[in-house]
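Chemist: Task: produce atomic coordinates for the following.
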Amino acid sequence: MRDVTVKNELSVFIDESGDFGRYYNHSPYYIVTFVFHEQKNLIDEKVSVLSNQAANLGFPPHAIHTGPLIRRESIYQNYTLEDRKHLFSCLFNFVRKAPVRYESVVVAKATCCDSIELTNQISKGVANILNESLEYFLSFDSVIVYYDNGQIELTKILTSVFNAILSKVEFRKVSPKNYRLFQVADLICTLELVHTKLEGGLELTASEKQFLGSKRDFKKNLYKSIIKKQHLK
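Modeler: All right, here's what the predicted structure looks like:
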């Protein structure tokens with residue numbers, strides 16, 4: 001008999017990389033990453049472990065942002081490479097152990113003549129994710145979508161596509177510091193961007209090489225583990 005105290009709810013945490021502006025060599029891709037978590041699979045203990053690990057490394061309570069962590073920007077300016085790598089490892093191991101899955105929409109902006117075409121390709125990508133696993137999404141009493149509304153164009157796409165395909169969907173604006181799974185979406189989106197650039201023949205930046213290692217190191221030690229979490233089916 002089903003335990004009615006357990007929410008049959010699916011949480012979807014979303015982060016993006018890129019913008020809706022014109023194509024530039026330094027920003028050739030637009031990526032949207034979706035992290036899926038079934039609420040029945042509790043992660044409270046894992047979240048507590050991650051928070052304690054970050055505190056023990058000397059980091060204040062904050063939203064871990066992988067890009068700035070790699071580039072030694074923002075809050076991470078005064079931390080050593082070793083400390084930053086340790087924090088990254090803590091979040092990365094959290095992702096590996098957490099009961100989550102993910103999907104990403106990747107658009108090469110060079111294929112888009114304008115923002116309308118970019119919007120079209122992203123919309124189709126999101127719709128494909130939902131339609132290809134429609135039975136899975138419909139098995140939940142509710143689907144809660146968490147996004148920080150960082151880009152109004154993406155917000156409009158998400159609300160339009162999700163509401164067109166799913167009847168029981170709710171949107172909530174997320175504060176990144178309050179949700180570790182949003183930070184997971186940020187990490188995966190960053191790694192997907194690095195992988196996409198490498199597959200497209202681009203080189204790692206100096207900070208990426210220093211932090212992530214060589215192309216071979218990245219694929220073997222990081223991306224190989226992350227893609228085990230890919231796809232709902």
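Chemist: What are the boundaries of the helices in the chain?
Modeler: Remark: helices assigned in the chain by DSSP state H are 44-56, 66-71, 81-97, 115-132, 134-138, 152-165, 180-199, 206-212, 215-217, 224-226.
Chemist: Quick check: buried residues in the first one?
Modeler: Spelled out, it's helix 44-56. The neighbour-count check on helix 44-56 (16 or more other C-beta atoms under 10 Å) flags Lys46, Leu50, Gln53, Ala54 as buried. For glycine as for every other residue, the C-beta is placed from the backbone atoms N, C-alpha and C.
Chemist: Mind checking the pLDDT average for that helix?
Modeler: The predicted model assigns helix 44-56 a mean pLDDT of 97.
Chemist: before we move on, the earlier item: tell me which two of the buried residues of helix 44-56 sit farthest apart.
Modeler: Using C-beta to C-beta, those reach their maximum pairwise distance at Lys46 and Ala54, which is 12.9 Å.
Chemist: so what's the spatially most central residue of the chain up against?
Modeler: Geometric centre of the chain, nearest residue: Ala185, 2.0 Å, by C-alpha atoms, centre = their mean. By C-beta atoms under 8 Å, 6 or more residues apart in numbering, the residues touching Ala185 are Phe13, Ile14, Asp15, Thr33, Phe34, Val35, Tyr102.
Chemist: shouldn't the fourth one be in contact with Val12?
Modeler: Right, Thr33. No. In this structure, Thr33 is not within contact of Val12 by C-beta atoms under 8 Å, at 10.5 Å.
Chemist: of all the buried residues of helix 44-56, which comes closest to Tyr29?
Modeler: Distances from Tyr29 to those, taken as C-beta to C-beta, are shortest for Leu50 (28.4 Å).
Chemist: Fine, thanks again, bye for now.
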